[in-house]
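Engineer: sequence and predicted structure below; questions after.
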Amino acid sequence: MRVTDSITVDESELTEDFVRSSGPGGQNVNKLATAVQLRFDARRSPSLPNDVAVRLMRLAGSRLTKDGVIVITAQSHRTQEANRRDARDRLIAMIRQAAVAPVKRRPTKPTKASREKRLESKKRRGSIKGMRRTKPSFE
């Protein structure tokens, strides 16, 4: 499977198990196993560069097992083939997202004008509150 220009995942790295879908169904609900569980070992995959694999495992979140295997369950369609395609598309989308290195944030300082504006507004607010404290004298 071609993921990006530089990343290609071999079909042999994917394991698919077909299970019964959860939720309400019709007459075939107890007979057909249309949901698919796609498993991909991100930690030991020779197709992924190390930095991409680390980002992919972080992206996977709760779909990642302790062994570094990503499990994607697809059951929204009525056929095995459609669920299979859906699970593969979701895995490819995750790998593509992990393949893009995040841009480092470059810390910046506030401008002098913005600092002065902030301090001026604090002084104005403080003076308003200060006027509330003192009791006016009626002489």
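Structural biologist: Alright, I've got the coordinates.

Engineer: show me what contacts the residue nearest to residue 37 when sequence neighbours are not counted?
Structural biologist: Among residues not flanking residue 37 along the chain, residue 17 sits closest, at 4.6 Å (Cβ to Cβ, 6 or more residues apart in numbering). C-beta here means a position set from N, CA and C on the backbone, and glycine is covered the same way. Counting by Cβ atoms under 8 Å, 6 or more residues apart in numbering, residue 17 makes contact with 36-37, 39.

Engineer: for residue 110, same thing?
Structural biologist: Applying Cβ under 8 Å, 6+ apart to residue 110 gives the contacts residue 118.

Engineer: format the contacts of residue 17 as JSON lines; extra columns: secondary structure.
Structural biologist: Output for these, formatted as JSON lines (DSSP: H, G, I helix; E, B strand; the rest coil):
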{"residue": "36", "secondary structure": "strand"}
{"residue": "37", "secondary structure": "strand"}
{"residue": "39", "secondary structure": "strand"}
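
Engineer: in the helix or strand hosting the residue nearest to residue 37, which residues are buried?
Structural biologist: Using DSSP states H and E, the element containing residue 17 is strand 14-19. Buried residues in strand 14-19, counted by 16 or more other Cβ atoms under 10 Å: residue 14.
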